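Trainee: next input, structure requested:
(one chain, ligands or ions: 1)
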Amino acid sequence: MLILVLVLAGCSGGPGAGETEDFDGSSLDPARWVAYDGFNRASAETWRASQCTVSGGVLRLRADASGICGVASRIQTTYAKAEVRARFSAPAGQGLAPVFLFWPQNDNDWPQAGEIDWLECYDTSRRSFGSWIHYAGRGGNDESDYGGDFRVDMSQWHTYGVEWTSSQVRVSVDGQVWHTYTRHIPSGPMHLAFQINRIGPVTGVAEVEIDWVHVDG
Ligand SMILES: [Ca+2]
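Mentor: Here you go, the predicted structure:
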């Protein structure tokens, strides 16, 4: 019975309930993760899967003028707790903003289905970041609640967390909750994603290293 459970868990395309991804291989597991590739007309961004690499037990996201890295989990979940051990290159180049987020299962459902940007960094010194929850306003347009900024030396390893329930979203660093959202909480299936978004003219390089990801569904 235990073997059956493990096999089923292995086929589910992790990280799912109570599962840790250590990135111990030499590439992303395609059953678990997808790296974006190609030009996105909506955001005018060039995603390059070759900018997403795995080595030394670490997933490395890189972004420069040639293209940016984005990685999404194949697991769709409604409500979850996630923790991510990460560090960020500092100072980073201009125009490159790392984001850890939950994004709706179906792109076309945005913004009605919401979006949880539980870590979004515009500070090129990588000493603070913010978080936002997006939702559809009265006219169906994109609106967002800003949770404020949290100051931490992101060039060092820290554990960034999010806990998404039916009533709230809590964001944390190293187990310390720094903001709790209680309005506009998404209630449909979403998946975890890590991206370095292009937010303006790009100079230089930005990198994010992720040591591990733990998800409790
Ligand atoms: Ca690791």
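Trainee: give me every residue in this structure lying close to the ion.
Mentor: With Cβ under 5 Å from the ion as the criterion, the chain meets the ion at residues 22, 23, 57, 211, 212. (Glycine included, C-beta is placed from N, CA and C.)
Trainee: for burial, what's the neighbour tally of the nearest residue to the first one once chain neighbours are set aside?
Mentor: Among residues not flanking residue 22 along the chain, residue 212 sits closest, at 5.0 Å (Cβ to Cβ, 6 or more residues apart in numbering). Counted with other Cβ atoms under 10 Å, the neighbours of residue 212 add up to 18.
Trainee: can you check residue 127 too?
Mentor: 16.
Trainee: again with the one 10 residues further on
Mentor: Using other Cβ under 10 Å, the number of residues around residue 137 comes to 11.
Trainee: the chain should start at 792 in everything you say after this.
Mentor: Got it, the first residue is 792 from now on, which makes the last one we talked about residue 928.
Trainee: pretty sure it sits against residue 936.
Mentor: No. Residue 928 is beyond contact range of residue 936, at 11.3 Å (criterion: Cβ atoms under 8 Å).
Trainee: next, the residue in the chain that the ion sits nearest to: phi, psi?
Mentor: For the chain and the ion, the shortest gap (Cβ to the ion) falls at residue 848, measuring 3.6 Å. Main-chain dihedrals, residue 848, degrees, to the nearest 10: phi 80, psi 10.
Trainee: returning to what we had before: which strand or helix spans the residue nearest to residue 813?
Mentor: Using DSSP states H and E, residue 1003 sits within strand 997-1007.
Trainee: show me what the residue nearest to residue 813 is bridged to.
Mentor: Beta-bridge partners for residue 1003, by DSSP bridges, are residue 876.
Trainee: kindly export the longest strand along the chain (C-alpha atoms) in PDB.
Mentor: Ranked by residue count and defined by DSSP state E, the top strand of the chain is strand 981-994. Output of strand 981-994 as PDB, limited to C-alpha atoms (Å, rounded to 0.1, in the frame of the first residue of the first chain):
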ATOM      1  CA  MET A 981      -3.600  28.000  -9.400                       C
ATOM      2  CA  HIS A 982       0.000  26.900  -9.800                       C
ATOM      3  CA  LEU A 983       3.200  28.100  -8.300                       C
ATOM      4  CA  ALA A 984       5.600  30.000 -10.600                       C
ATOM      5  CA  PHE A 985       9.000  31.700 -10.400                       C
ATOM      6  CA  GLN A 986       9.800  34.400 -12.900                       C
ATOM      7  CA  ILE A 987      12.200  37.300 -13.600                       C
ATOM      8  CA  ASN A 988       9.900  39.700 -15.300                       C
ATOM      9  CA  ARG A 989      11.100  42.400 -17.700                       C
ATOM     10  CA  ILE A 990       9.600  45.600 -16.400                       C
ATOM     11  CA  GLY A 991      11.500  48.200 -18.500                       C
ATOM     12  CA  PRO A 992      14.700  48.700 -20.500                       C
ATOM     13  CA  VAL A 993      17.200  46.000 -19.500                       C
ATOM     14  CA  THR A 994      20.800  46.600 -18.600                       C
END
